[in-house]
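[1] Whatever this is, show me its structure:
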Amino acid sequence: MTSTVDHGTGRSEGGTQILHFELRLPHPVDRVWAAVATPEGLRGWLAAADVLEPRLGGAVTLRRPATGAEGRHTSVEGRITAWDVEHVAEYTVDVHDRMRFHLEPAGSAGTTVRFTNEFNGDDKRRPDRLACWHSHFEYLVDALDGRPVDWSGWTPERRQELHEAYAARERDVSRP
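    Residues are numbered from 1 along each chain as shown. Predicted coordinates for the structure are as follows:
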């Protein structure tokens, strides 16, 4: 089983952008669950979970360590809108809208993660969001391999490279 991050896909349905990633990870479900559904795990690859009430309807607050050059939100708040321990963690938060992690066992010790992000916005935002999630999933792979992200060394170059790749893919798909 490989743990490289394949390109995600996206489409628009009536003003809602729907992004999908499928990750095949050589780690057991309980370990991947801890990475996507606990404050300690989320901190290693996505954001600090200042609040995480692990239950349906529970509150969640995710805080990014830096705002970035664009002055983006550093903290998002919302609710847990689906929760099935070791299977589904879904967070619906401001800015990023619905983020759903669906975990399935794969082989004897692996996990397949089917990730969906739904957000309101036009097609122009899709390549940036795909690039953002792609880079975070690279961090997830590293975190699961014992190398959590060092946010103090973060630079925008990798995300920009991914953005350009996703924008090129979008242009290729839209050509007749």
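
[2] Flag the shaky bits of this protein, pLDDT-wise.
    Within the chain, the ranges that satisfy pLDDT under 70 run 1-3, 65-73, 174-176.

[3] one more time with 80, if that's ok
    Regions of the chain meeting the criterion pLDDT under 80 cover residues 1-3, 65-74, 95-96, 152-155, 173-176.

[4] quick one, helices of it?
    With DSSP state H as the criterion, the chain has helices at 29-37, 39-43, 126-144, 157-174.

[5] distance of the residue nearest the centre of the chain from Leu52?
    Centroid-nearest residue in the chain, with C-alpha atoms, centre = their mean: Trp133, separated by 4.6 Å. According to C-beta to C-beta, to the nearest Å, Trp133 and Leu52 sit 19 Å apart. (Each C-beta comes from the backbone N, C-alpha and C, glycine too.)

[6] With Gly44 instead?
    Distance of Gly44 to Leu52, computed by C-beta to C-beta: 14 Å.

[7] Looking at those two, which is more packed in?
    Higher neighbour count among Gly44 and Leu52: Leu52, with 21 against 18, using other C-beta atoms under 10 Å.

[8] wait, doesn't the more buried one sit right on Pro39?
    Yes: applying C-beta atoms under 8 Å, one finds Leu52 in contact with Pro39, separated by 5.1 Å.

[9] What are the neighbouring residues in contact with the closest residue to Ser135 other than its chain neighbours?
    Distances taken as C-beta to C-beta, 6 or more residues apart in numbering put Arg159 closest to Ser135, at 4.9 Å, once the chain neighbours are dropped. Under the criterion of C-beta atoms under 8 Å, 6 or more residues apart in numbering, the neighbours of Arg159 are 131-132, 135.

[10] Go ahead and confirm the residue nearest to the centre of the chain touches Val113.
    No: look at Trp133 against Val113 with C-beta under 8 Å: they stay out of range, at 11.5 Å.

[11] Can you work out which residues contact both of those two?
    Jointly contacting Trp133 and Val113 under the rule C-beta under 8 Å, 6+ apart are Phe21.
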